[in-house]
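>>> with the sequence up front, the predicted model follows.
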2 protein chains.
Amino acid sequence: MRILILGGDGYLGWPTAMHLSAKGHEVIAVDNYLRRNLSREENCEALYEVPNLQRRASLWKEASGHEVAVRIGNLCDWSFTADIFQEFRPDALVHYAEQPSAPYSMKSREAAALTLQNNLSTTFNVIQAVNQFAPECHIVKLGTMGEYGTPDIDIEEGWIEIEHKGRKQKFLYPRQAGSLYHTTKVLDTDLLWFYVRMWGLRVTDLMQGPVYGVETDENAGREDLYPFLNYDELFGTVFNRFIVQAVAGYPLTVYGKGGQTRGYLDIRDTLQCIRLAVDNPAGKGELRIFNQFVETFSVNRIAEVVRKSGERLGLKVEVKSLPNPRKEMEDHYYNPAHTGLIELGLKPHYLTDETLDRMMQLVMRYRNSIVAERIFRGVKWKA
Amino acid sequence: MRILILGGDGYLGWPTAMHLSAKGHEVIAVDNYLRRNLSREENCEALYEVPNLQRRASLWKEASGHEVAVRIGNLCDWSFTADIFQEFRPDALVHYAEQPSAPYSMKSREAAALTLQNNLSTTFNVIQAVNQFAPECHIVKLGTMGEYGTPDIDIEEGWIEIEHKGRKQKFLYPRQAGSLYHTTKVLDTDLLWFYVRMWGLRVTDLMQGPVYGVETDENAGREDLYPFLNYDELFGTVFNRFIVQAVAGYPLTVYGKGGQTRGYLDIRDTLQCIRLAVDNPAGKGELRIFNQFVETFSVNRIAEVVRKSGERLGLKVEVKSLPNPRKEMEDHYYNPAHTGLIELGLKPHYLTDETLDRMMQLVMRYRNSIVAERIFRGVKWKA
């Protein structure tokens, strides 16, 4: 299959590009280095240096014999987007090309404007390019479990049948996200659902939870092929961040009561899910939605398992509660469905001591690179 | 009260500016002439010439003694928006500043991009400016009944309580709009609801149906103070358009079966609703939603009443069914609630023969200005 990876330089984009090329697909990775540039501007680069995308493609070819083509440019720019689609006419695309940080999107008006403009424009251009140049192309879109927020009823997989005054209709499950970043994904969903109805696009929306880990089948033992490991408040996901904090001797920063519960997954499961979606395309005119995570944890529980892993490796790890800079429920009902991807064949990697300890050991090798001032900043949700 | 009218040059913006200034409010009308410019580019200007906004403010002052201040500029431009809010620190604002045409938003990629970018950016800048410069300002936002689409269950006023597997929660009523324009209003709602929750904004979202008429208490007998009367497919609302078609001897163009049913209102009721919303602000942290229409009609019924009005005035009016260029249901369940504004004090002007005949007579005076080629164009929903 001919597959475009949009945002192919990212934490998940690059592992996806390697994974799909290893499976024999023809892959082009597209990126404009937005996230690298923002990390530099915000003084929160990743734990170790990551070669640029073209260099990584060369290293990957040397290591595996597989090719990943690279295009550097901005998908908010229509002529760049149109050129890529006209040249490549993809059978499928994986759309990661968005500003991915919730705290970044809340830190200032300028950052919020960038997030809204960037994320909506890329999605809009992707929709228009598919319609114009590759109408059968299967759009695999990364949504987020955060679109749903934390409602007091069970979260279904994207849709819900509402019975009201003796009549029934199936609707998109109502979304109410907790940051502007997450809200841009809600807007993406609205836009995709509209054009699916109007133009008969094929779309899979993967409502992903926070991901942990950097090692996959493709890059095992090749640290030059690892994706970014961010440990800062802006771009670091909570597991990765806590592990770096544990190694740095920086108390694990639990916001408020720590009962905030979300669905998590191992980076290897992200790759499985993407592949399963690509191998089993959505139908014509179908918006197919899966909740992409394998198990739920509260922040307190994450702090606890990271603390224990640290202890096993001889580290003394402290856990500290901070006043919550976010506006969110710290103790809530959370029961999201997640059977669709399992039915498609996902074999979950549940979190084990071994996985945690292996990550902790990786970070310990980079102990001297940790810049403590990057860890906490306290971006406030309320202006 | 100090009130900003954003989109103050528009079909409803200008009558609103006159109405609120006549009620003693201090009013600034803001516009960038987007709609005038698009009408010219698309060869579909209104039936009669309308003086520019500054000229209209002068004419209104001469006629009534009331002042409407005018600022010309683009609310997508943050520095312009910030200046207005800093200077004026409004108590309330009425936000009409959007590209308002569904067919325009579907006619090309460029037009869709303009609609998405313009509508989202104005709403985003308004939210940011209120938060930064006038946090108590009551945002009165024009939504549209079209956000709901035509679901097979009753449409409530903005919210719905969902009972699911023995638990309950109130959500935004699910929206699934029928054009990109209407979808941008769905995105506006998502954005407003997010920042209401985060920042405690005060917002009233008026889900308005199509409006008819040009005459109000303020401009009666003063045609130089009438708003635009568009009769083209892009900017003409269906009643106004059919009346012009009747006068022009152009068959009334019913799309498909003509069973498409919507909620309509007289322009005088738009003004009442806006005033009632302004006089009774939403609470801090409240997104209050009203369905703003007074009665429902199918397209067939509208064609019928316009035909009869024409006959009373000696015109022979033909009704013609065309293949539907839109993607919509032509025969559907439609039962939207609309009690909130009545409870607030709205006294509806239901459609009467007199109202219709009066409009028909107005248009007959401009019979020679009608450009028949402007009426139909057949913008297709499916690319």
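Now that the structure is in, tell me what you want to look at.
>>> tell me the contacts of the closest residue in space to residue A:369 that isn't next to it in sequence?
Once flanking residues are discounted, residue A:369 sits nearest to residue A:47: 5.8 Å by C-beta to C-beta, 6 or more residues apart in numbering or on different chains. C-beta: built from backbone N, CA, C; applies to glycine. Shown in contact with residue A:47 (C-beta atoms under 8 Å, 6 or more residues apart in numbering or on different chains): A:229, A:230, A:231, A:244, A:363, A:366, A:369, A:370.
>>> mind doing that once more with 10 Å?
Residues in contact with residue A:47 (C-beta atoms under 10 Å, 6 or more residues apart in numbering or on different chains) are A:214, A:226, A:228-232, A:236, A:240, A:243-244, A:247, A:362-363, A:365-367, A:369-371, A:374.
>>> which among those count as buried?
Neighbour counting over those (16 or more other C-beta atoms under 10 Å in any protein chain shown) leaves A:214, A:226, A:228-232, A:236, A:240, A:243-244, A:247, A:362-363, A:366, A:370, A:374 as the buried ones.
>>> in helices only, show me the residues you listed.
Assigned to helices by DSSP state H, the following of these qualify: A:240, A:243, A:244, A:247, A:362, A:363.
>>> my read: residue A:309 touches residue A:364, true?
No. Using C-beta atoms under 10 Å, residue A:309 is not in contact with residue A:364; the gap is 11.0 Å.
>>> the more surrounded of the two?
A count of neighbours by other C-beta atoms under 10 Å in any protein chain shown puts residue A:309 above the other of residue A:309 and residue A:364, at 23 against 15.
>>> in the stretch 51-200 of chain A, which spans are strands?
Under the criterion DSSP state E, counting those that start in this stretch, the stretch 51-200 of chain A contains strands at A:68-72, A:92-95, A:138-144, A:159-164, A:167-172.
>>> which one of those strands lies nearest to residue A:202?
Taking C-beta to C-beta, strand A:138-144 is the member of the strands of the stretch 51-200 of chain A nearest to residue A:202, at 4.7 Å.
>>> give me the angle between the top helix by length along chain A and strand A:138-144.
In chain A, with assignment by DSSP H, the single longest helix is helix A:109-133. Relative orientation of helix A:109-133 and strand A:138-144, computed by axes from the mean of the first three to the mean of the last three C-alpha atoms, to 10 degrees: 160 degrees.
>>> so which bits of helix A:109-133 are buried?
Across helix A:109-133, burial judged by 16+ other C-beta under 10 Å covers A:109, A:111-131, A:133.
>>> near chain B, from those?
Among the buried residues of helix A:109-133, the ones lying close to chain B by the criterion of C-beta under 10 Å from any C-beta of the partner chain are A:109, A:112-113, A:116-117, A:120-121, A:123-125, A:127-129, A:131.
>>> tabulate these (TSV), appending distance to residue B:321 and pLDDT.
Converted to TSV, these look like this (distance: C-beta to C-beta, whole Å; pLDDT from 0 to 100):
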residue	distance to residue B:321	pLDDT
A:109	50	98
A:112	48	98
A:113	46	98
A:116	42	98
A:117	42	98
A:120	38	98
A:121	39	98
A:123	37	98
A:124	34	98
A:125	37	98
A:127	32	98
A:128	32	98
A:129	36	98
A:131	29	98
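>>> and of the residues you listed, the nearest to residue A:219?
Set against residue A:219, the nearest of these by C-beta to C-beta is residue A:123 (28.5 Å).
>>> what sits against the closest one?
Counted by C-beta under 10 Å, 6+ apart, residue A:123 has contacts A:6, A:75, A:95, A:97-98, A:139, A:141, A:184-185, A:187-189, A:191-192, A:195, B:116.
>>> gap between it and residue A:189?
Residue A:123 is 9 Å from residue A:189, where distance means C-beta to C-beta, to the nearest Å.
>>> joint contacts of these two?
Listed as contacting both residue A:123 and residue A:189 by C-beta under 10 Å, 6+ apart are residue A:141.
>>> hmm, back to that, what do residue A:309 and residue A:364 both touch?
Joint contacts of residue A:309 and residue A:364 (C-beta under 10 Å, 6+ apart) are A:243, A:246, A:315.
>>> contacts only, for the first one.
Right, residue A:243. When contacts are counted by C-beta under 10 Å, 6+ apart, residue A:243 touches A:47, A:212-213, A:229, A:231, A:236, A:252, A:302, A:306, A:309-310, A:317, A:356-357, A:359-364.
>>> repeat that with 8 Å
Taking C-beta under 8 Å, 6+ apart, we find residue A:243 in contact with A:231, A:306, A:309, A:356, A:359, A:360, A:363.
>>> and it, how far from residue A:102?
Counting by C-beta to C-beta, the gap from residue A:243 to residue A:102 is 19 Å.
>>> who are the contact partners of residue A:44?
Applying C-beta under 8 Å, 6+ apart, we find residue A:44 in contact with A:230, A:232, A:233, A:234, A:235, A:236, A:374.
>>> in the stretch 201-350 of chain A, which residue sits nearest chain B?
Minimum separation of the stretch 201-350 of chain A from chain B (C-beta to the nearest C-beta) falls at residue A:327, amounting to 5.5 Å.
>>> show me which of the shared contacts of residue A:309 and residue A:364 is closest to residue A:285.
Distance to residue A:285 across the shared contacts of residue A:309 and residue A:364 (C-beta to C-beta) is lowest for residue A:243, with 43.2 Å.
>>> distance from the centroid: which residue in chain A tops it?
Computed with C-alpha atoms, centre = their mean, the residue of chain A farthest from its C-alpha average is residue A:166, at 39.7 Å.
>>> what are the phi and psi values at that residue?
Main-chain torsions, residue A:166, degrees, to the nearest 10: phi 80, psi 0.
>>> pLDDT wise, what is it at?
Looking at residue A:166, its pLDDT is 97.
>>> how near is it to chain B?
According to C-beta to the nearest C-beta, to the nearest Å, residue A:166 stands 9 Å off from chain B.
>>> from residue A:64, how far out is that residue?
Distance of residue A:166 to residue A:64, given as C-beta to C-beta: 59 Å.
>>> any stretches of chain A with poor pLDDT?
A:383 (pLDDT under 70).
>>> can you map out the helices along it?
For chain A, applying DSSP H gives helices covering A:13-22, A:34-41, A:53-64, A:78-88, A:102-106, A:109-133, A:180-199, A:238-248, A:267-279, A:299-312, A:340-344, A:353-365.
>>> so what touches the second one?
Around helix A:34-41, the neighbours that count as contacts under C-beta under 8 Å, 6+ apart are A:9-10, A:45-46, A:99-101, A:104, A:118, A:228, A:230, A:232, A:234-235.
>>> same deal with the fifth one?
Counting by C-beta under 8 Å, 6+ apart, helix A:102-106 makes contact with A:38, A:42, A:99, A:111-112, A:115, A:146, A:178-182, A:184, A:233-235, A:326, A:377, A:379-381, B:198, all of which sit outside it.
>>> same question for the third one.
Outside helix A:53-64, the residues that touch it by C-beta under 8 Å, 6+ apart are A:8-9, A:14, A:17-18, A:21-22, A:29, A:31, A:33, A:50-51, A:66-70, A:72, A:218, A:222, A:224-225.
>>> near chain B, which residues of the stretch 251-383 of chain A are found?
By the rule C-beta under 8 Å from any C-beta of the partner chain, the part of the stretch 251-383 of chain A lying against chain B is A:327, A:333, A:381, A:382, A:383.
>>> distance between stretch A:54-67 and the chain's centre?
Centroid separation for stretch A:54-67 versus its chain: 23 Å, with C-alpha atoms, centre = their mean, to the nearest Å.
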